[in-house]
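>>> Generate coordinates for the sequence data below:
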Amino acid sequence: MIDLDTPVGVLDIGSETSKFVIFSISGSDNQVQILANTTIHTKGVKKGIISDLDKLSETVKKLIGTAEEKSKTQISKIYISINPLNFAFISFCQSKYIGDSEIDEKNDVQFLVNSGINLFKSSYEDKKIIHVFNYNLRLDKLNLVDNPCGLNADSLENDMSIICCNKNIFKNYQKLIKKSYINSEDFISSSYSLACTIYYENLLADIFLVIDFGHEKTSLSIFKNGNFIYSSSIAIGSWHITNDISKCLNLSYEIADKLKKEYASCIPENFQENGKFLDIDNDQVKSFKKVSNNILNKITNSRAEEIIDLINKEISSLNLGNSTFNKIIFTGKGSKLKGFQELLIKKTKIKTLLFEKFSLKVKSDNNFIDDYDVCLSIISLLQNRYKSEITTQKKQKNSFFDKFYTIFK
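Numbers count the residues shown, from 1 in each chain. Below is the predicted model of the structure:
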C-alpha cells in the first residue's frame, strides 16, 4: 500500500459530471475514512478529451475547493482518473536468450522490461504511457514462474501490456494541473481501476468482464487468470440515447434526459400505458408533454441493443475460445437505465455464469456514499496495488518488480 499519512484526493473528470473525494487511511486495519465528497457538472470535456481548458480549470478548482471547505483540510496529493475515448491497449511478448545460465534480475528481468518500453516508444512516438503491466514470465517458452531470478533456463519470456493515450491529450491534462494550481500525484485509467477492484473481490474467478456504460462512451475491461488482458472503448454512451429521444420526439435535451431517467426502459414491451405526462419546471414556466411510452422504450432499446451488439463484436474478436466468463459486472450512469440488466442478459452472446451491478460503498460520517464508482475504485487500487503493474511509485518495496520503470517516468 502507498504511504497515505495525510489526506489524499481522488478526482474523476467525467464528460457529464466530475467528482472529487478526500480520504485518509488510519488504524491498524487500514480503514478508509471519507472526509469529503463533492459532485459538479463538468464544463470543458468531451469524450474524455479537454475541449475548453479555462472552463474545465474553473470546474476543477470549484470542485476541490468545495471538498476542502467541507473537510476543513488542504490536500497536497491528488490522483486523477483519465480515460479518453481514443486510448489504446497494446499487448506484446518478448524473449531473451539466457544460454543455460542463471537468470539475473538486472541483466535479464530488467532487460526485458526496458526492452519492452523502448520497443513501445520507438513504435508509438505519438503515445504517452499511462500504465505498464508485466506478466506471464516463462522459462524455456513453457514454464510459468512467479520469480525467475536465480533459476537456470535457456530463454526467458514475458508478456507486456500498455495503456496509453495521445501525447497531446496527456499534455493538455498537465496544463490543466498547472492552471488549476493542483499537485497531481499520478494519472490512473478509470477502466483499469474499476476492473482491478473487481479482481481483488474475485481472486478465484478465471475470467470476468467489466462494462462501464458511461455518458459519451462505454468502456470494456477483461481480467483472465489474474492478468489484465484487455481494455477498450465504444463511442456510444447514455448521452446518445438522450439525444435520440430529443430528436425523435422533438423535445429539448433537458426534457428528453428526464424522460429517459424516469420513464424509459431498454425493454420495449415493458410499458403499462401508451402515454405519460411529464411536468417540467423550466425558468418558472410549467410545461407538459405527452409522449408514448412504447415509442420512448423503442428508442431507448435501439441504442442499448447497438451498444450490446458492439460489445459482442469486440469480445468475439479476441479469440477467447470457449471461455465462460465467471461474471459480467456493469457500472456507469447508463447501467441504471430500467431494463438494462435484463437486456444485457438476453442479448449478450458471451457465455456467462453471473451478471452483477458494480457496488463498492465506503462509509462516511455514518452514511454510505455510492455513485462514486471510479473514485472508490481508485482508492481501492491505491490500497492494493495490482501485482503485475510496473509502478512508478518509488516508495513501494513490495517485490522485486517495484523498482522497475522508475527511470522512464
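>>> use CA for all of it now, contacts and neighbours both
Fine.
>>> Measure how buried Phe20 is and give me the count.
Neighbours of Phe20 under the rule other C-alpha atoms under 10 Å: 26.
>>> Can you point out the buried residues in the helix or strand harbouring it?
Element membership of Phe20 [criterion: DSSP states H and E] is strand 17-26. For strand 17-26, the neighbour count (16 or more other C-alpha atoms under 10 Å) marks 18-25 as buried.
>>> Quick one: name whatever helix or strand follows it.
strand 31-41.
>>> And the contacts of the next helix or strand after that following strand?
As assigned by DSSP H and E, the chain's next helix or strand after strand 31-41 is strand 45-46. Contact with strand 45-46 is made by 14-15, 51-52, 56, 216, as judged by C-alpha atoms under 8 Å, 6 or more residues apart in numbering.
>>> Repeat the analysis, applying 10 Å as the threshold.
Strand 45-46 is touched from outside by 13-18, 51-53, 55-56, 84-85, 215-216, with contacts defined as C-alpha atoms under 10 Å, 6 or more residues apart in numbering.
>>> So which of those residues wins on neighbours?
Ile13 (28 neighbours).
>>> Now do the strands in the stretch 51-200 of the chain.
For the stretch 51-200 of the chain, the strands defined by DSSP state E, counting those that start in this stretch cover 77-82, 88-102, 127-139, 143-144, 152-166, 184-189.
>>> a markdown table please, covering the ones you listed and showing mean pLDDT and mean neighbour count.
Putting the strands of the stretch 51-200 of the chain into a markdown table (pLDDT from 0 to 100; neighbours: other C-alpha atoms under 10 Å) gives the following:
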| stretch | mean pLDDT | mean neighbour count |
| --- | --- | --- |
| strand 77-82 | 92 | 22 |
| strand 88-102 | 92 | 15 |
| strand 127-139 | 93 | 20 |
| strand 143-144 | 90 | 14 |
| strand 152-166 | 94 | 21 |
| strand 184-189 | 91 | 18 |
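>>> Would you reformat those strands as JSON lines and include distance to Gly44?
Output for the strands of the stretch 51-200 of the chain, formatted as JSON lines (distance: least, C-alpha to C-alpha, whole Å):
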{"stretch": "strand 77-82", "distance to Gly44": "14"}
{"stretch": "strand 88-102", "distance to Gly44": "22"}
{"stretch": "strand 127-139", "distance to Gly44": "22"}
{"stretch": "strand 143-144", "distance to Gly44": "47"}
{"stretch": "strand 152-166", "distance to Gly44": "18"}
{"stretch": "strand 184-189", "distance to Gly44": "19"}
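>>> so which of those strands comes closest to Pro7?
Of all the strands of the stretch 51-200 of the chain, it is strand 77-82 that lies closest to Pro7, at 7.8 Å by C-alpha to C-alpha.
>>> Please report phi then psi for Lys47.
In terms of degrees, to the nearest 10, the main-chain angles of Lys47 are phi 50, psi 40.
>>> Quick check: beta-bridge partners of Lys327?
Under DSSP bridges, the beta-bridge partners of Lys327 are Phe208.
>>> That one touches Leu204, doesn't it?
No: using C-alpha atoms under 10 Å, Lys327 is not in contact with Leu204; the gap is 11.4 Å.
>>> and those two? which has more neighbours close in?
A count of neighbours by other C-alpha under 10 Å puts Lys327 above the other of Lys327 and Leu204, at 20 against 11.
>>> ok, now which ones touch that one?
Counting by C-alpha under 10 Å, 6+ apart, Lys327 touches 198, 202, 205-210, 351-356.
>>> I'd like those as CSV, with neighbour count appended.
As requested, the contacts of Lys327 are arranged in CSV below (neighbours: other C-alpha atoms under 10 Å):
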residue, neighbour count
Ile198, 23
Asn202, 15
Ala205, 17
Asp206, 17
Ile207, 23
Phe208, 26
Leu209, 24
Val210, 26
Lys351, 13
Thr352, 17
Leu353, 11
Leu354, 12
Phe355, 18
Glu356, 12
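>>> Just those residues: which are in strands?
Using DSSP state E, the members of the contacts of Lys327 that fall in strands are 207-210, 355-356.
>>> Spit out the contact partners of Met242.
That one is not Met; residue 242 is Thr. Contacts for Thr242 (C-alpha under 10 Å, 6+ apart) come out as 215, 251-261, 299-300, 303.
>>> Phe20 - nearest residue in space that isn't next to it in sequence?
The shortest distance from Phe20 to any non-neighbouring residue, by C-alpha to C-alpha, 6 or more residues apart in numbering, is to Leu11 (4.6 Å).
>>> go on, Asp373?
The shortest distance from Asp373 to any non-neighbouring residue, by C-alpha to C-alpha, 6+ apart, is to Leu360 (6.8 Å).
>>> Can you report how many residues neighbour the one you found?
Leu360: 18 surrounding residues under other C-alpha under 10 Å.
>>> In terms of helix, strand or coil, where does it fall?
Classification of Leu360 using DSSP: H, G, I helix; E, B strand; the rest coil returns coil.
>>> That one: what's it in contact with?
Under the criterion of C-alpha under 10 Å, 6+ apart, the neighbours of Leu360 are 194, 197-198, 368-374, 376-377, 380.
>>> which of those residues has the weakest pLDDT?
Lowest pLDDT among the contacts of Leu360: Phe368, with 59.
>>> Leu376 belongs to a strand, doesn't it?
No: read with three-state DSSP, Leu376 is helix and lies in no strand.
>>> Run a quick check on it versus Ser193, I expect a contact.
Yes: assessed by C-alpha under 10 Å, Leu376 is found in contact with Ser193 at 9.0 Å.
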